[in-house]
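Enquirer: Fold the following, please.
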Amino acid sequence: SLQGDTQMEEQYWLIAPGENARKWDEYSKNGEIGIGWEELGNIEKYDSDYESFQNDYIKTYKSENDNYRGSSPKQIWDFYKNISIGDIIFARNGVRQIIGMGKVTSDYKYDDSREEYKHIRKVEWEKIGEWDYPGQSSRDTVHKLRQEQAEEILTIMSNKMTGYEKKLDEIKENLEANKNVILTGAPGTGKT
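Expert: Down below sits the predicted model:
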């Protein structure tokens, strides 16, 4: 068969780097993305057995009234199994903002040395900034986007000069004039 048959189209994912993007500073610096639910341990032990995984998920989280039969098991499984190297991830903050875009560069890893968010994938972040999400995004931690949704986001990201780039221009001018600049701002806004 031709190489083309096996070549999968890249997929697009929307992922929240922690509640209110609180892990974004760390992830954007370290070239990674992670999700919580660490009580489940290393998901690789399930190999391809989604049913056993789902049953363990339900046992683990039954006591929390976290609509536990809902979409969470599917989201975790997507992160483990269905995201592929080369896929595009959009990081979101809340439901109205995109804060980064990058390419997945590793398979799933479970990193037990971390305190939280132990399910990890490496990502090469290509764009970091702030863009308005077109409409309102999914509240799921891990959400697969349709091609046309992804294209809409990409258009927004490439079109307008972002606040981030305007800021960079301003900083460049100040540096040329004064040789030093002090940056202040919330974590995760690209000061580094």
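Enquirer: Would you list the strands that the strand ranked longest in the chain pairs with, along with their directions?
Expert: For the chain, the strand with the greatest residue count under DSSP state E is strand 119-132. Paired strands of strand 119-132, with direction, are strand 32-35 (antiparallel), strand 97-104 (antiparallel), strand 109-110 (antiparallel) (DSSP bridges).
Enquirer: OK, contacts around residue 36?
Expert: 18, 116, 117, 119, 141 (C-beta atoms under 8 Å, 6 or more residues apart in numbering). All C-beta atoms are positioned from the backbone trio N, CA, C, and that covers glycine.
Enquirer: How many residues are close by the last one?
Expert: Residue 141 is surrounded by 21 other residues when neighbours are defined as other C-beta atoms under 10 Å.
Enquirer: do the fourth one as well
Expert: Here the neighbour count serves as a burial measure; for residue 119 (other C-beta under 10 Å) it reads 23.
Enquirer: Check what pLDDT it gets.
Expert: Residue 119 carries a pLDDT value of 98.
Enquirer: do you know how far the closest residue to it other than its chain neighbours is from residue 141?
Expert: Using C-beta to C-beta, 6 or more residues apart in numbering and skipping the chain neighbours, the partner closest in space to residue 119 is residue 35 (4.9 Å). In this view, residue 35 and residue 141 are 6 Å apart by C-beta to C-beta, to the nearest Å.
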